[in-house]
Each structure stands twice: as structure tokens, then as C-alpha cells.
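S.K.: give me a model of this one.
(one chain, ligands or ions: 1)
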Amino acid sequence: MNEAAISIRDLSKRYATGKQALDGVSFDVERGSIFGLLGPNGAGKSTIINILAGMVQKTSGHASIWGFDIDVNPRNAKASIGIVPQEIMFDPFFTPFETLELFAGLYGVPKDKRHSMELLKAVRLEDKADAYARTLSGGMKRRLLVAKAMVHSPPVIVLDEPTAGVDIELRQQLWEYVVALNKQGTTVVLTTHYLEEAEQLCDRIAIINHGKLIANKPTKELVGMAREKAVVLTLDRDVSEAPKHEAFEKAELVADRTVEITYNKDRMNAGEVLAAVQGLGFGIIDVTTKEADLEDVFLSLTSGSAE
Ligand SMILES: Nc1ncnc2c1ncn2[C@@H]1O[C@H](COP(=O)(O)OP(=O)(O)OP(=O)(O)O)[C@@H](O)[C@H]1O
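M.R.: Numbering: from 1, shown residues only. Sure thing, here's the model as predicted:
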């Protein structure tokens, strides 16, 4: 089957306040992929996820999960997706093991088909299986949320800003688990503000801004959209200011002999930059190039538009 894991068509949402949170958004998430949904605060990411989760009613448009239309087949659509919410919400009186059993029960997973202990192991919480949830650290709670989203073994898991408030080590553990899940076939959608992580993890990235989709491309292509590139040059002598040339976007002295030159890759290439510097009478001892990253693209696409 090559039907999309998630298919969204002309999705719009106007909240009762009159706020148009989504305005005709369409995209597909390919089965087996890791898909990044990025956008500044208030862009509409959570609204999309909440519509998929059945927690927010869309105003118009269509959405289907694993081939199940959320209006026509809401139960199957819901059974096909696990959502890791932004907010940490647990009943503090249940242990992690009980929490997972409870949710498996709510999803109608029969006792012999439950895998609560396996899930706890996968998120490295097996030691805490019987501890009170309120005694867990923030990172542990976050990992429990991921396990909770997986109790019904959905083919698609959505992580809504899962890394907020989680320290670097825990974040890496979480990503390792997400990547492992994906390797086993789970389709992953994640919203994140950590562009670097999105760039490393996602096969494809969509950017949403003011309720509209403004980009949807394979990660490499999106990163390639950055127009500016830079070279860092070590010159053969100390200079008091960076070599100036009309074709450079920017030239900065970063140390006595080191300059960083930013250029527009549509207008020139690194070789031409070097030739221009040599033409100004400088010898070049060393060169490193700096690739533009997703952050550059993100900023140029969404600049000045966060709420
Ligand atoms: N229940 C609601 N009632 C009215 N307006 C809402 C509601 N929920 C969200 N909004 C508004 O809709 C817009 C989109 O919000 P949404 O939470 O989807 O954005 P987001 O991209 O997830 O942002 P963040 O990254 O901050 O979570 C925002 O302007 C928000 O204030």
C-alpha cells in the first residue's frame, strides 16, 4: 500500500474567537518517514495535531490517518495514531506501569496483547515501573508520555514539541527511541523548535506560518534553499580589516588573520570568492566552508512573523 500515513487537504480552522488558525493547509506524510512540522509560535501546528487527535473540530477540509478519514472512520483513524502532547498531564497517583495499563484498556487493547513493561524498558523507565508518577523527573515524565502514546501500537506517532524542558542527554535518548521506532516501521511526525534536530532527524520538513503552509520539501532541498553561504579564510598576514569586494554580501574579521566572507550562492561560488580575495593582493593559507542550515531557511521564510 502506498497510501499516505497522514493526508491533509484544504484544512481550515477558525476558533470561536474568530482566530483563523489554519487556512487551507494541504500535505501528505509518507508512510515510514520522519516528518517535521515546523513553524513559529502560534503558527497552527498544535491545531493540526489536535484536529488529527480528534480534540479540535476542523472548520473545513479533510484529514485521514492511515487511509481512514477522520470524519467517516473516526475510530479507526484514532486507533492509527499516538499523540505525545506538549503538556505533561498524568494522574499523580498512578505508577507508570498502571498508567500504561489504564490507557491500553481505554484503547481496548486486550490484557494479553499489552506490552506495558516492554514500553517502559524502551523508554528506560523499567526501574520506575512501580514508582508514583509524581516522583518522576520532568524528563522521565516526558518519556512516559511517549510510552503512553504507543500503548495501542499505532502505525503513526506524533510528538508535539516533545523536547521542551528536557535536558540534552534525555533529549538524545528520546530521539534514539524515536529513530528506533521509525526503523521498526512507525511513521513519525514531530513538531519542534530545535531546527538542528529537525534537520538531523527528518526526511521531509513542512513549515507553517500564520496558518498557511509555506514550504514542504525533502530536508536536503529545504536546506539548499538558503541563498547565503560563507567561507572562512586564513590569510597570509595580519589585517586590520576584512578584504572588501562588491560581490560579497558581508566580510568580517574574526581573528587577526581570519575572515569570514558571506556570499550569495546564486551570484558566485567559493572559487570566485577566493579569486576575488587573491585579486585584492592576499595570499590564502586555509579555507573552510560553512553550509547554510535549516535555521537560515526558516528565518528567511518566516522572518518577523512570529506572534
Ligand atoms: N482554543 C483556542 N481558541 C482560540 N484561539 C486559539 C485556540 N487554540 C489556539 N488558538 C490560536 O490559534 C493560533 C494557532 O495556535 P497553535 O497552538 O495551533 O499554534 P502552534 O503553531 O502550535 O504554536 P506553539 O508553537 O506556540 O505551540 C494561535 O494564534 C493561537 O493563539
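S.K.: tell me the contacts of whichever residue of the stretch 151-300 of the chain sits closest to the ligand?
M.R.: With C-beta to the nearest ligand atom, the shortest gap between the stretch 151-300 of the chain and the ligand falls at residue 161, namely 6.2 Å. C-betas here are computed from N, CA, C, even on glycine. Contacts for residue 161 (C-beta atoms under 8 Å, 6 or more residues apart in numbering) come out as 45, 86, 191-193.
S.K.: could you check the pLDDT of it?
M.R.: Residue 161 carries a pLDDT value of 77.
S.K.: you'd agree residue 22 is up against residue 15?
M.R.: No. Residue 22 is beyond contact range of residue 15, at 9.8 Å (criterion: C-beta atoms under 8 Å).
S.K.: these two: who's more crowded?
M.R.: More crowded of residue 22 and residue 15, by other C-beta atoms under 10 Å: residue 22, with 28 against 12.
S.K.: ok, and the closest non-adjacent residue to that one?
M.R.: Nearest non-adjacent residue to residue 22, counting by C-beta to C-beta, 6 or more residues apart in numbering: residue 13, 4.2 Å away.
S.K.: could you report the distance from that neighbour to the ligand?
M.R.: As judged by C-beta to the nearest ligand atom, to the nearest Å, residue 13 and the ligand stand 8 Å apart.
S.K.: surely residue 92 touches residue 133?
M.R.: Yes. In terms of C-beta under 8 Å, residue 92 counts as a neighbour of residue 133; the distance is 5.3 Å.
S.K.: between the two, who's got more neighbours?
M.R.: residue 133 (19 against 9).
S.K.: the more buried one against residue 99, yeah?
M.R.: Yes. Contact criterion C-beta under 8 Å: residue 133 and residue 99 qualify, at 6.3 Å.
S.K.: what about the helices in this structure?
M.R.: 45-52, 74-79, 96-106, 116-122, 138-149, 168-183, 195-201, 219-224, 270-279, 294-302 (DSSP state H).
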